[in-house]
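In: Here is my input, please return the structure:
(one chain, ligands or ions: 3)
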Amino acid sequence: MTDITDIPIVVAGLMGAGKTTVARLMADALDRPLRDNDEELLERYGTTAADIATDLGAAELHAREASLLREALAGDPFVVIAAAASAVEDPASRRALGRAFVVFLDAPPAVLAERTLSGTHRPRFAPDTAEMLAKQRERRLAYFREVADLTADSSRQAPEGIAARALARFANAKRSGRAGHSG
Ligand SMILES: Nc1ncnc2c1ncn2[C@@H]1O[C@H](COP(=O)(O)OP(=O)(O)OP(=O)(O)O)[C@@H](O)[C@H]1O
Ligand SMILES: O=C(O)C1=C[C@@H](O)[C@@H](O)[C@H](O)C1
Ligand SMILES: [Mg+2]
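Out: Ligands and ions are numbered 1, 2, ... in the order given. Reported below is the predicted structural model:
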């Protein structure tokens, strides 16, 4: 039986859901390194998600993000990963996520659209961000729920509260020796 402490923790969700924020809190609490999609893109390719999407297209961006996530999941399991919002659309990434403890951050698209106005690293796939996020949520929600061990609405709870609940659930999973995708 794999010791639960030896599995990665992944924070997933749409753009602006709070992945980086919650993942950082969990990484600090567990003294684990954080691997964040946007930082990994910058380190590996020297550019941002927005620039890759503009220069090479969304499909290439998503392929790179899925590959980086699978690489992180195959590395040192003592890690917290802030995954790319797109990665759950990749079947191989979903399979790999089955061997991780996954926290899914959900929120209404209008809230996410408001939050994503900050920062220039985020791609602008369409003029109406809320509408684009609503379509993405429709397409990805089943995938997020498939891989989630814990789901939190980040429009209703502060990052600290979400991180505390996720850490408690992870500790319980450790005690019971397994991470069950109970959602
Ligand atoms: N639970 C929350 N409640 C209120 N604001 C939040 C919450 N979580 C994150 N935020 C805020 O929302 C914005 C986006 O958060 P963050 O960068 O962590 O999202 P993300 O999911 O990593 O985004 P991306 O997909 O672009 O990487 C930040 O300004 C952050 O402070
Ligand atoms: O939802 C998406 O397709 C994306 C959102 C960004 O935050 C990044 O996760 C990535 O650039 C692609
Ligand atoms: Mg982020």
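In: Can you list the residue ranges for helices in this structure?
Out: Taking DSSP state H to define them, one finds helices in the chain at 19-30, 37-45, 49-56, 58-74, 91-97, 109-115, 129-147, 159-176.
In: what angle sits between the last one and helix 19-30?
Out: Here the directions of helix 159-176 and helix 19-30 differ by 50 degrees (axes from the mean of the first three to the mean of the last three CA atoms, to 10 degrees).
In: Please see if helix 159-176 touches ligand 1.
Out: Yes - judged by CB under 6 Å from any ligand atom, helix 159-176 comes into contact with ligand 1 through residue 159. Using the backbone N, CA and C atoms, a C-beta is placed for each residue, glycine as well.
In: got it, and the longest one?
Out: No - counting by CB under 6 Å from any ligand atom, ligand 1 has no neighbours in helix 129-147; the shortest distance is 10.4 Å.
In: on that earlier part again, select, out of the helices of the chain, the one closest to ligand 2.
Out: helix 49-56 (3.1 Å; CB to the nearest ligand atom).
In: Would you format the helices of the chain as JSON lines with mean neighbour count included?
Out: Output for the helices of the chain, formatted as JSON lines (neighbours: other CB atoms under 10 Å):
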{"stretch": "helix 19-30", "mean neighbour count": "20"}
{"stretch": "helix 37-45", "mean neighbour count": "17"}
{"stretch": "helix 49-56", "mean neighbour count": "17"}
{"stretch": "helix 58-74", "mean neighbour count": "18"}
{"stretch": "helix 91-97", "mean neighbour count": "18"}
{"stretch": "helix 109-115", "mean neighbour count": "19"}
{"stretch": "helix 129-147", "mean neighbour count": "17"}
{"stretch": "helix 159-176", "mean neighbour count": "16"}
